[in-house]
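Colleague: only geometry, no sequence info:
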């Protein structure tokens, strides 16, 4: 039994090592871009990475924990081992948490090296390194655990990632609601604002600890859902009576298949955005509104902004990952299906899904004006499209969902940092590169990435 457990732990850590290395490289990319040019900007980049990393880590490492065995076709083998599913789930979640923490630890080491070299002004404006490291580790653990439990039972890692995103958003809304409730109650008691904020923070911390403990216990207890065949149904399957039937034409058949695989994911993320926005408005996160419609309009743009990045990654990966897996890739390439037709059908359906689910609502909501970059509401849709193209191309090349998503995020971040570097864009107080410079470079990157993916699909190129 001891040898089985050792081998199981080695297996889990070995499978997570590549994702941990990729996440570490991406997380360090922006600070390292500035370390030889401006130490203050590099130190600021370390703090930014600490803040932004937990949510993305939760989605990518959480979806691997929830659906990695099923996606790699090893679920039946793992389930046959002479070990309880609770032990298997504990090992899986433990390895995911360890892998997700590696980039945060490396960031701490880099921040420790840079801290003695920054000026007093930058250090006075930044949170203490040990404090922000602790919060980042805690946030990463919460997000990974919640996303892992939310994604259990999904057939693919992409669907697990979408459910993980929903779980993390719900947890954030719940935490904000409790924090607001406690602060309102303490204010009614006449407590000083600083003391009320302190007690509210303590309440939010206690609630977060309770949630993470609950989910840490829940994941192993329900891990059997990640090991059983996803095709098994106990009841009558739900179906839409007017759901389109296949059309006997090559391009139409590819389009129908792509729509069935991708369209529901876009609808799922859009519904998550609407529900989350309604809840945010209901709990008072948008106070400058008089009607329910204004509450929703004020809360929806930030949710769509974050959902745009998540959907771009999930659609970019999910559009092609199913057809690039082992025997499936060999099978369809043996059919009379031109690789270019396959690629462009997947690409256009994915792009249309992002346009309908995120970009059009973002265009028509008046509150989106507050999120404009450089005076143009077209900037963020361009960034989402670039992210989608990078994710799809990375998936064609590496053929691993989590690694492709992480690399896509890193590529967008590095591109943005490279453009901002000559304009001191990451130095606190500086405005950065103008939109007239950012937009053309991102547009060129969008076109180049698209045709690189087309070339990789046509020649069946893979680097993993």
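Modeller: Here it is on my side, so go on. Nothing here was measured: the structure is a model prediction, and the numbers come from that model. Numbering: from 1, shown residues only.
Colleague: Give me the buried stretch members for the strand or helix carrying residue 67, please.
Modeller: Assessed by DSSP states H and E, residue 67 sits inside helix 39-71. For helix 39-71, burial by neighbour count (16 or more other C-beta atoms under 10 Å) applies to 39-47, 49-50, 53-71. Backbone N, C-alpha and C define where each C-beta goes, glycine included.
Colleague: Give the residue spans of the stretch 201-350 of the chain that score low on pLDDT.
Modeller: Counting by pLDDT under 70, the ranges of the stretch 201-350 of the chain that qualify are 201, 203-204, 228-251, 273-301.
Colleague: how about the strands in it?
Modeller: Here the stretch 201-350 of the chain has no strands by DSSP state E, counting those that start in this stretch.
Colleague: and this protein, what are its domains?
Modeller: 1-170+212-228, 249-464 (automatic domain parsing).
Colleague: now the ones you listed in a markdown table, with distance to residue 202?
Modeller: Putting the domains of the chain into a markdown table (distance: least, C-beta to C-beta, whole Å) gives the following:
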| stretch | distance to residue 202 |
| --- | --- |
| domain 1-170+212-228 | 14 |
| domain 249-464 | 20 |
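Colleague: Residue 181: which of the ones you listed is closest?
Modeller: In terms of C-beta to C-beta, the element of the domains of the chain nearest to residue 181 is domain 249-464, at 8.3 Å.
Colleague: Report the distance from the closest one to the chain centre.
Modeller: 11 Å (C-alpha atoms, centre = their mean, to the nearest Å).
Colleague: can you tell me which residues contact residue 158?
Modeller: 63, 265, 314, 317, 318, 321, 401 (C-beta atoms under 8 Å, 6 or more residues apart in numbering).
Colleague: One more pass at 6 Å, please.
Modeller: 314, 317, 318 (C-beta atoms under 6 Å, 6 or more residues apart in numbering).
Colleague: again, but for residue 39
Modeller: 114, 117, 118.
Colleague: quick one: the closest residue to it other than its chain neighbours and residue 131, what's the gap?
Modeller: Using C-beta to C-beta, 6 or more residues apart in numbering and skipping the chain neighbours, the partner closest in space to residue 39 is residue 117 (4.6 Å). Noted for residue 117: a distance of 20 Å to residue 131, by C-beta to C-beta, to the nearest Å.
Colleague: Repeat that for residue 219.
Modeller: Distance of residue 219 to residue 131, computed by C-beta to C-beta: 28 Å.
Colleague: same question, residue 91
Modeller: To residue 131, residue 91 is 31 Å away according to C-beta to C-beta.
Colleague: and the two? which has more neighbours close in?
Modeller: Neighbours were counted for residue 91 and for residue 131 using other C-beta atoms under 10 Å; residue 91 has more, 21 against 11.
Colleague: I'd say the more buried one and residue 8 touch.
Modeller: Yes: at 5.1 Å, residue 91 and residue 8 qualify as touching, with contact defined as C-beta atoms under 6 Å.
Colleague: about what we covered before: which one (most neighbours) among the contacts of residue 158?
Modeller: Tallying neighbours with other C-beta under 10 Å puts residue 314 at the head of those, with 33 neighbours.
Colleague: show me the residues around it that make contact.
Modeller: Contacts for residue 314 (C-beta under 6 Å, 6+ apart) come out as 158, 161, 162.
Colleague: Output the residues you listed as CSV; include the columns pLDDT.
Modeller: Written out in CSV, the entries for the contacts of residue 314 read as follows (pLDDT from 0 to 100):
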residue, pLDDT
158, 81
161, 84
162, 81
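Colleague: Out of these, which is nearest to residue 421?
Modeller: residue 161 (31.1 Å).
Colleague: In a strand, the closest one, correct?
Modeller: No: counting by DSSP: H, G, I helix; E, B strand; the rest coil, residue 161 falls outside a strand, being helix.
Colleague: Can you tell me, leaving aside adjacent residues, what's nearest to residue 221?
Modeller: residue 86 (6.5 Å).
Colleague: Shouldn't residue 461 be within a strand?
Modeller: No: using three-state DSSP, the assignment for residue 461 is coil, not a strand.
Colleague: Tell me the confidence at the residue nearest to it when sequence neighbours are not counted?
Modeller: Residue nearest to residue 461 in three dimensions, not counting chain neighbours: residue 397, with 6.5 Å by C-beta to C-beta, 6+ apart. On pLDDT, residue 397 comes in at 90.
Colleague: swap in residue 197?
Modeller: Predicted confidence (pLDDT) for residue 197: 61.
Colleague: for residue 393, same thing?
Modeller: Reading off the model, residue 393 has pLDDT 93.
Colleague: Tell me which helix or strand comes right after the host helix or strand of it.
Modeller: Assigned by DSSP H and E, residue 393 belongs to helix 379-398. Past helix 379-398, further along toward the C-terminus, the next helix or strand under DSSP H and E is helix 401-420.
Colleague: angle of the helix or strand that comes right after that following helix against helix 401-420?
Modeller: Using DSSP H and E, the helix or strand that directly follows helix 401-420 along the chain is helix 435-458. Computed with axes from the mean of the first three to the mean of the last three C-alpha atoms, to 10 degrees, the direction of helix 435-458 lies at 150 degrees from that of helix 401-420.
Colleague: where in the stretch 351-464 of the chain is pLDDT low?
Modeller: Using pLDDT under 70, the stretch 351-464 of the chain drops low at 366-377, 424-431, 464.
Colleague: Ok, the stretch 1-150 of the chain next?
Modeller: Applying pLDDT under 70 to the stretch 1-150 of the chain picks out residues 1-2, 4-5.
Colleague: rewinding a little: count the residues that sit near the residue nearest to residue 221.
Modeller: 15.
Colleague: Residue 172 now?
Modeller: Neighbours of residue 172 (other C-beta under 10 Å): 16.
Colleague: now residue 226
Modeller: The burial count for residue 226: 27, using other C-beta under 10 Å.
Colleague: which ones are touching residue 40?
Modeller: Counted by C-beta under 6 Å, 6+ apart, residue 40 has contacts 118, 122.
Colleague: repeat for residue 382
Modeller: Applying C-beta under 6 Å, 6+ apart, the residues contacting residue 382 are residue 442.
Colleague: same thing but 8 Å
Modeller: Residues near residue 382 by C-beta under 8 Å, 6+ apart: 439, 442, 443, 446.
Colleague: Quick check: the last one touching residue 389?
Modeller: Yes: under the criterion of C-beta atoms under 8 Å, residue 446 is in contact with residue 389, at a separation of 5.4 Å.
Colleague: Settle it for me: which of those two has more neighbours?
Modeller: Counted by other C-beta under 10 Å, residue 446 and residue 389 do not tie: residue 389 has more neighbours, with 27 against 17.
Colleague: could you measure that one against residue 224, distance?
Modeller: As judged by C-beta to C-beta, residue 389 and residue 224 stand 38 Å apart.
Colleague: tell me the contacts of the residue nearest to residue 461?
Modeller: Here residue 397 is in contact with 404, 456, 461, 462, 463, 464 (criterion: C-beta under 8 Å, 6+ apart).
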